[in-house]
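Visitor: this is a predicted model, with the sequence first.
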Amino acid sequence: MIEPILPGATLGVLGGGQLGRMFVHAAQRMGYETAVLDPDPASPAGLVAHHHVRTPYLDEQGLAQLMQRCAAITTEFENVPAAALRTIGAQRPVAPSADAVTICQHRVAEKAQFARCGVPCAPHAVIETLEQLASVDAKLLPGLLKTSRLGYDGKGQQRVAAHDELDAAWSALDRAPCVLEKLLPLKCELSVIVARNAAGECVHFPVQLNLHRGGILAVTEVPARGVGDKLQQQAIAAAEHIAQDMRYVGVMCVEFFVLDDGSLVANEMAPRPHNSGHYTIDACDVSQFELQVRTLAGLPLAAPRLHSPAVMLNLLGDLWLRKPALDSTPAWREVLALPGTHLHLYGKPSVRRGRKMGHLTVTAATVEHARAIALEAAALLGIEAF
């Protein structure tokens with residue numbers, strides 16, 4: 001990309017979920033028109049975009065229509081078919097690239113990328129055959145058996161305590177290619193969001209402290225309480241090195257585990273904006289979605305600055321299902337009466353347990369103050385304290 005794509009042009013996104021919706025909002029605020037390709041007529045991003053191409057991701061006519069409209073195209077989730085990105089990439093700028101997304105779609109390739117960059121990850125074994133299953137080192141147990149592809153938010157995973165449980169766990173995952181990861185003694189979980197453009201400029205957000213429940217992100221706190229500067233700089237350097245080594249273009253999140261001994265290991269990476277970075281809309285002068293627009297359009301990258309410490313609560317469909325059907329609206333009035341609360345709902349028409357329906361960000365002068373208010377909000381909403 002030699003010349004930047006300036007406001008007034010149309011930017012496209014494959015995928016119509018909440019990440020696409022927030023990308024569309026950021027692009028529109030900067031003066032771009034937007035187009036979304038998603039087969040769901042009620043997709044959150046499609047409802048707010050200028051143009052909605054309602055076809056499957058590999059539909060030739062749909063891809064052709066998207067390319068005809070758009071000057072450049074991104075993706076909002078890593079499980080979009082890489083073949084669609086390759087088709088588009090032959091005629092339009094695409095960020096991230098099909099090659100980068102392909103790595104992030106497969107846990108084995110992802111771990112190989114970590115190793116290539118000298119970033120440690122959990123001890124693991126690949127299980128694709130009965131022979132590999134039988135030869136698993138006992139030192140990897142207890143462990144977590146994960147499908148190599150299409151796993152997210154705790155899906156496609158089975159906890160395994162002993163070797164004699166492996167066969168049943170693998171069968172429960174339809175004997176798909178898997179990775180067995182050794183369970184490690186965790187102190188906490190972190191994530192780092194970086195943005196890199198085609199010129200090689202790379203910027204990052206502050207390190208984020210995350211809490212997961214049932215494999216789904218529940219709470220993010222920034223700054224990361226109790227995490228030393230040295231460890232934070234190590235995580236940032238690792239995430240930026242991974243992005244630079246891949247010649248990645250776009251926004252990427254790398255998740256890390258901090259072990260009981262204080263060491264850092266990489267968990268996984270996402271080739272897109274990340275749930276743990278949603279607070280950037282309200283707490284930073286540049287959000288992760290604006291940086292997604294900038295990297296796609298070839299614009300300069302401004303290093304984002306955190307102007308307000310923040311705590312973000314994920315709002316799952318469970319909140320709407322806690323009460324009788326006639327009284328299923330969460331306590332928004334009481335929550336929004338709390339200082340520094342910012343409510344974001346994604347416009348999803350149906351509610352399911354575990355489905356991400358929105359998020360609530362609390363900003364304050366200190367992360368401790370934001371945490372205290374977030375705990376008040378959690379109690380009002382029926383979210384477990386943290």
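Guide: Structure received. Keep in mind it's a predicted model, so treat the numbers as computed, not measured.
Visitor: tell me where the stretch 51-200 of the chain has helices.
Guide: For the stretch 51-200 of the chain, the helices defined by DSSP state H, counting those that start in this stretch cover 60-69, 82-89, 98-105, 107-116, 130-134, 166-172.
Visitor: can you show me the CA trace of the first one as CSV?
Guide: In other words, helix 60-69. Output of helix 60-69 as CSV, limited to C-alpha atoms (Å, rounded to 0.1, in the frame of the first residue of the first chain):
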residue,chain,number,x,y,z
GLU,A,60,-18.1,-15.6,-5.3
GLN,A,61,-20.7,-13.0,-6.2
GLY,A,62,-20.7,-11.7,-2.6
LEU,A,63,-16.9,-11.3,-2.5
ALA,A,64,-17.0,-9.7,-5.9
GLN,A,65,-19.7,-7.2,-4.7
LEU,A,66,-17.6,-6.4,-1.6
MET,A,67,-14.5,-5.8,-3.7
GLN,A,68,-16.4,-3.6,-6.1
ARG,A,69,-17.5,-1.4,-3.3
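Visitor: quick one, which of the helices of the stretch 51-200 of the chain is nearest to residue 263?
Guide: The closest of the helices of the stretch 51-200 of the chain to residue 263 is helix 107-116. By CB to CB, the value is 14.2 Å. (Glycine included, C-beta is placed from N, CA and C.)
Visitor: so what touches that closest one?
Guide: Residues outside helix 107-116 that contact it (CB atoms under 8 Å, 6 or more residues apart in numbering): 102-104, 120-121, 124, 126, 146-149, 151, 177, 179, 242, 245-246, 266, 268-269.
Visitor: 6 Å instead?
Guide: Outside helix 107-116, the residues that touch it by CB atoms under 6 Å, 6 or more residues apart in numbering are 103, 121, 126, 148, 179, 266.
Visitor: look up phi and psi at the last one.
Guide: The reference is to residue 266. Per-residue torsions, residue 266: phi -80, psi 140 (degrees, to the nearest 10).
Visitor: okay, now the domains of this protein?
Guide: 10-94, 123-182, 186-381 (automatic domain parsing).
Visitor: which one of those domains is the most hemmed in?
Guide: Counting by mean count of other CB atoms under 10 Å, domain 10-94 has the highest mean neighbour count of these, with a mean of 21.
Visitor: ok now that domain, how far from the chain's centre?
Guide: 17 Å (CA atoms, centre = their mean, to the nearest Å).
Visitor: again, but for stretch 347-360
Guide: Taking the mean of its C-alpha atoms, stretch 347-360 sits 16 Å from the chain's own mean (CA atoms, centre = their mean).
Visitor: just the CA atoms of that stretch, as PDB, please.
Guide: Listed in PDB are the C-alpha atoms of stretch 347-360, where the atom choice follows Å, rounded to 0.1, in the frame of the first residue of the first chain:
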ATOM      1  CA  GLY A 347     -27.900  -5.000  19.000                       C
ATOM      2  CA  LYS A 348     -28.200  -8.800  19.000                       C
ATOM      3  CA  PRO A 349     -31.800  -9.700  18.600                       C
ATOM      4  CA  SER A 350     -31.700 -13.000  20.500                       C
ATOM      5  CA  VAL A 351     -30.400 -13.900  23.900                       C
ATOM      6  CA  ARG A 352     -28.500 -17.100  24.800                       C
ATOM      7  CA  ARG A 353     -26.500 -18.100  27.900                       C
ATOM      8  CA  GLY A 354     -22.800 -17.300  27.300                       C
ATOM      9  CA  ARG A 355     -23.500 -15.100  24.300                       C
ATOM     10  CA  LYS A 356     -21.700 -11.700  24.400                       C
ATOM     11  CA  MET A 357     -24.500  -9.100  24.400                       C
ATOM     12  CA  GLY A 358     -22.500  -6.100  25.400                       C
ATOM     13  CA  HIS A 359     -19.900  -4.700  27.800                       C
ATOM     14  CA  LEU A 360     -19.800  -2.100  30.600                       C
END
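Visitor: mean confidence for that stretch?
Guide: When pLDDT is averaged along stretch 347-360, the result is 95.
Visitor: before we move on, what about stretch 15-22?
Guide: In this model, stretch 15-22 has a mean pLDDT of 97.
Visitor: if we can go back for a sec, in TSV: the domains of the chain, plus distance to residue 115.
Guide: Converted to TSV, the domains of the chain look like this (distance: least, CB to CB, whole Å):
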stretch	distance to residue 115
domain 10-94	20
domain 123-182	11
domain 186-381	10
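Visitor: hey, least reliable of those by pLDDT?
Guide: Of all those, mean pLDDT reaches its minimum on domain 123-182 (a mean of 90).
Visitor: quick one: work out the angle between the lengthiest helix in the chain and helix 107-116.
Guide: Identified as the longest helix of the chain according to DSSP state H is helix 229-245. Relative orientation of helix 229-245 and helix 107-116, computed by axes from the mean of the first three to the mean of the last three CA atoms, to 10 degrees: 110 degrees.
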